[in-house]
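Asker: generate coordinates for the sequence data below:
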Amino acid sequence: MTDTNTDRVADATPDNWVYRILPNSIWPYAQLARWDRPIGWWLLLWPCWWSLALAVGNGQETWRTHLQAHGIGFQSNAVQFVELLIVCIPFLLGAVAMRGAGCTYNDIVDVDIDERVSRTTSRPIPSGRVTKAQAAIFMVFQALFGLFCLIALCLGTLKFNTFAFFLAIASLVVVACYPFAKRVTDWPQFVLGLAFSWGALMGWAVVFGELATAPILLYIGCVLWTIGYDTIYAHQDREDDALVGVRSTARLFGEKTKPALMALYAGTLLLFTLAFSYAQASWPSYLGLIIGSGHMLWQIKTLDINDGDNCLKLFKSNSHFGWIVFVGLVADIFL
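Answerer: Residues are numbered from 1 along each chain as shown. Predicted structure coming up:
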């Protein structure tokens, strides 16, 4: 197996499972789907799982009906927890597939930019290891797998959940717009937030077949969270972006990034608190937010926008924030 620097991308760890397990010929496709950089699908997944856990906690009777529709009596918290995990699996697989499809689409659209930015020149398309046509075929396969996961979620009860299905399909409009946002606005992170936060609506819709105030507030909070963490990420490319004309909140905020993050993260926590209140959450959920706020403060305090490694580390740490909030919501259901 050939193992050279030209086979890898600049921002993936060299000991990733992709490079240890998969054959060299598969690497370019794994890189298109970002299998070697799992943080993206974690960040896409957290709003889904948060919303699902919030909905289950709010709708115990609805959840009991869901279990009984599958012949499972609501006998214990353990049974309920297992069922919650089962529903989490299609969200997980769907997040991996759709994040991969979205990244592949983004690479097809952005090849002219990627070949001029040092961090992205090693990606499969600009480096010539995959053609646009091959990438497009791979994108379709990933999207079809994502569709399969969506159908599995919508069949969670005996009646097909058409509301959740079409709500998910509507997200594709935002996803399609995202790669072009950086060309026309200083706020492409806002458009990314609209796309990456969609799961905050989906988790609730899968349980109830409709939306309410709580998931909408959660969604808006997730948008602010996404703007915050992706601003940190975008500081890695700030200088190259300026040279090629790519716009971002990292360039917009500049030296005022820390105050901007304080406002964004404060807004996130406020909206999450309101969402939890509308969903009648109890103290474990709020405890998770309190601990999570400490993590956010740590990000802001330790951020060095001129250190790319520091920015990448803090960006990835947002998955820890996801776990903190999720554990609080799950504890709320069973305590």
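Asker: how close does W35 get to Q142?
Answerer: Separation of W35 from Q142 (C-beta to C-beta, to the nearest Å) stands at 11 Å. Every residue, glycine included, has its C-beta placed from N, CA and C.
Asker: now do the shared contacts for the two.
Answerer: G100 (C-beta atoms under 8 Å, 6 or more residues apart in numbering).
Asker: dihedrals phi and psi, the residue nearest to V9 when sequence neighbours are not counted?
Answerer: Sequence neighbours aside, S122 is the residue nearest to V9 in space, at 4.8 Å (criterion: C-beta to C-beta, 6 or more residues apart in numbering). Dihedral angles of S122 (phi, psi; degrees, to the nearest 10) stand at phi -80, psi 0.
Asker: you'd agree S122 is up against W27?
Answerer: No. S122 lies out of contact with W27 (C-beta atoms under 8 Å); the separation is 11.3 Å.
Asker: more neighbours: which of the two?
Answerer: Using other C-beta atoms under 10 Å, the more surrounded residue of S122 and W27 is W27, with 23 against 19.
Asker: now do the host helix or strand of the more buried one: everything it contacts.
Answerer: Assigned by DSSP states H and E, W27 belongs to helix 27-32. Identification of contacts with helix 27-32 by C-beta under 8 Å, 6+ apart yields 7-9, 12, 18-19, 22, 36, 100, 103-104, 107, 123-125, 129-130, 135, 138-139.
Asker: of all the residues in the helix ranked longest in the chain, which ones are buried?
Answerer: Counting by DSSP state H, the longest helix found in the chain is helix 77-109. Within helix 77-109, the residues scored as buried using 16 or more other C-beta atoms under 10 Å are 80, 83-84, 87-88, 90-109.
Asker: pLDDT averaged over stretch 89-102 - what is it?
Answerer: The average of the pLDDT scores along stretch 89-102 is 95.
Asker: now find how far off-centre that stretch is within its chain.
Answerer: 9 Å (C-alpha atoms, centre = their mean, to the nearest Å).
Asker: can you list contacts of that stretch?
Answerer: Contacts of stretch 89-102 (C-beta under 8 Å, 6+ apart): 32-35, 40-42, 44-45, 48-49, 52, 139, 142-143, 145-146, 149-150, 152-153, 175, 178, 195, 199, 202-203.
Asker: next, count neighbours for D237.
Answerer: Around D237 there are 22 residues (other C-beta under 10 Å).
Asker: so it touches R116, yeah?
Answerer: No. Assessed by C-beta under 8 Å, D237 is found out of contact with R116, at 10.8 Å.
Asker: any idea how far R34 is from L155?
Answerer: Taking C-beta to C-beta, one finds R34 at 28 Å from L155.
Asker: same deal with L54?
Answerer: From L54 to L155 the distance is 22 Å (C-beta to C-beta).
Asker: neighbour-wise, which of the two wins?
Answerer: More neighbours surround L54 than the other of L54 and L155, with 29 against 13 (other C-beta under 10 Å).
Asker: my guess is that one contacts P215, does it?
Answerer: Yes. At 7.4 Å, L54 counts as touching P215 under the criterion of C-beta under 8 Å.
Asker: joint contacts of the two?
Answerer: Here L54 and P215 share the contacting residues 203-204, 275, scored by C-beta under 8 Å, 6+ apart.
Asker: of those, which belong to helices?
Answerer: Filtering the shared contacts of L54 and P215 for helices - DSSP H - leaves 203-204, 275.
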